[in-house]
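*Asks:* Mind folding the following:
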Amino acid sequence: MNTGRTSHPHRTLITLLIGCTIFLLAATTSYSLTPPSDTLEGTPIYFPIIVAGPSDASNCNPTGGSRGLAPGRYRTTVAGLNATVVVGQGYDPRTPTYLAFFLHGDNGSWTKFLSTSNPVTKFVNQQGWIFVAAQSPNDGESWWTHWSGDHNQAFSRVLDEMFAKYNVCRDMVFGSSGSGGSEFWTSHFFPAKGAEYPAHTVIGCGGNDGYSRTSRQQVSALGRDPDVVRKSTFEYVYGTEDYLYRLVRESITLYTNAGFNVYVHEMAGAGHCNEWPADGFPDLSTQIATYWAKRAAALGAD
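*Replies:* Residues are numbered from 1 along each chain as shown. Next up is the predicted model:
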């Protein structure tokens, strides 16, 4: 039917070009609208999608580092310690992103994040974050005991080097730990260094209420500092059958009473974190990635 309108060749060409541009952008974007999944014991685990890069500069305080590695996975050294570093896809030092870390347990693995299939690695890659897992100074025996020098200072230097080399948010850091690493974070590092290095931390299968009256007093004092409380989260993930159950609960009580933001994820029937898959629960790396995603979304880290 003749409507009285004629087709304009230039308008048609412009419409086609816009359509092609939209298609190319959709095909090349680094972030999918469909949540990625990892299957463990037949159970799919989903990470909520959040776009890398802080939108609120007041919650970021970018470090401005620009001498770091290009996107990829590296077995390297950081502050003199062996370490795995993952630089997420799309990281550009001109735009700040988030720093994340992992503290291994006794003789635990700090190299597992070199695998592209590790859920933490996949999450960091997708979000364009920066991640470090350093080996403890005593050849990886333990972060919390049998110290070789000052372990608190050693980990401080790791964080300082990452802040210096990568453009990350100084005021919003995401941490994680397992077993002895959780004991180190809750009873050693945070009481001594929490004012300088607060973090939103997933604390896996471990924790302690401190080895001394001094460390407990330090935690109480930190809890009275609203700036430290704002920049800290204690996300405990553990099983009721864990041999460290009592210590974990004592740690929860300490930090809750001190006024910190404490979240408890207790798994009925689960043992220590190395037993979680056999007990029918997602492994530690999956839990870390999942709770990082949820905490980042809750904090508006997008």
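*Asks:* now the helices for the stretch 1-150 of the chain?
*Replies:* Taking DSSP state H, counting those that start in this stretch as the test, the helices found in the stretch 1-150 of the chain are 9-28, 119-127.
*Asks:* burial measure for the residue nearest to residue 165 when sequence neighbours are not counted, as a count.
*Replies:* Nearest residue to residue 165, sequence neighbours excluded (Cβ to Cβ, 6 or more residues apart in numbering): residue 68, at 4.0 Å. To be clear about C-beta, it is placed using only N, CA and C from the backbone, and glycine gets the same treatment. Using other Cβ atoms under 10 Å, residue 68 has 18 other residues around it.
*Asks:* can you tell me how far residue 68 sits from residue 155?
*Replies:* 18 Å (Cβ to Cβ, to the nearest Å).
*Asks:* and what of residue 256?
*Replies:* 24 Å.
*Asks:* Neighbour count: these two, which is higher?
*Replies:* Taking other Cβ under 10 Å, residue 256 and residue 155 do not tie; residue 155 has more neighbours (24 against 14).
*Asks:* wait, what's in contact with that one?
*Replies:* Shown in contact with residue 155 (Cβ atoms under 8 Å, 6 or more residues apart in numbering): 103, 134, 143, 189, 193.
*Asks:* What's the first helix or strand after the helix or strand harbouring residue 184?
*Replies:* According to DSSP states H and E, residue 184 maps onto helix 180-184. On the C-terminal side of helix 180-184, the nearest following helix or strand under DSSP H and E is helix 190-193.
*Asks:* Does anything pack onto that following helix? Which helices or strands?
*Replies:* helix 151-165, helix 213-222 (3 or more Cβ pairs under 8 Å, 6 or more residues apart in numbering; DSSP states H and E).
*Asks:* winner for burial among the ones you listed?
*Replies:* Of all the helices and strands packed on helix 190-193, helix 151-165 has the most neighbours on average by mean count of other Cβ atoms under 10 Å, namely a mean of 19.
*Asks:* Helix 119-127 and the following helix or strand past that one, what's the angle between them?
*Replies:* Counting by DSSP H and E, the next helix or strand C-terminal to helix 151-165 is strand 174-178. Here the directions of strand 174-178 and helix 119-127 differ by 170 degrees (axes from the mean of the first three to the mean of the last three Cα atoms, to 10 degrees).
*Asks:* just how off-centre is strand 174-178 within its chain?
*Replies:* 6 Å (Cα atoms, centre = their mean, to the nearest Å).
*Asks:* what's next to it, contact-wise?
*Replies:* Against strand 174-178 from outside (Cβ under 8 Å, 6+ apart): 98-105, 108, 120, 129, 184-185, 199-206, 273, 284, 288, 292, 295-296.
*Asks:* circling back to that earlier point, turn the contacts of residue 155 into TSV, columns for pLDDT and distance to residue 60.
*Replies:* Shown next, in TSV, are those (pLDDT from 0 to 100; distance: Cβ to Cβ, whole Å):
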residue	pLDDT	distance to residue 60
103	98	23
134	98	24
143	97	28
189	98	23
193	98	21
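*Asks:* pull the helix or strand with minimum mean pLDDT from this structure.
*Replies:* strand 37-40 (a mean of 28; mean pLDDT, DSSP states H and E).
*Asks:* can I assume residue 248 sits in a helix?
*Replies:* Yes. Under DSSP: H, G, I helix; E, B strand; the rest coil, residue 248 sits within a helix.
*Asks:* just to revisit the earlier point, next one: the helix holding residue 184 to chain centre, how far?
*Replies:* 16 Å.
*Asks:* can I get the CA coordinates of it in PDB?
*Replies:* The C-alpha trace of helix 180-184 is given here as PDB (Å, rounded to 0.1, in the frame of the first residue of the first chain):
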ATOM      1  CA  GLY A 180      45.200 -21.200  59.700                       C
ATOM      2  CA  GLY A 181      45.000 -18.200  57.500                       C
ATOM      3  CA  SER A 182      41.700 -17.300  59.200                       C
ATOM      4  CA  GLU A 183      43.400 -17.700  62.500                       C
ATOM      5  CA  PHE A 184      46.100 -15.400  61.400                       C
END
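*Asks:* Done for today, thanks.
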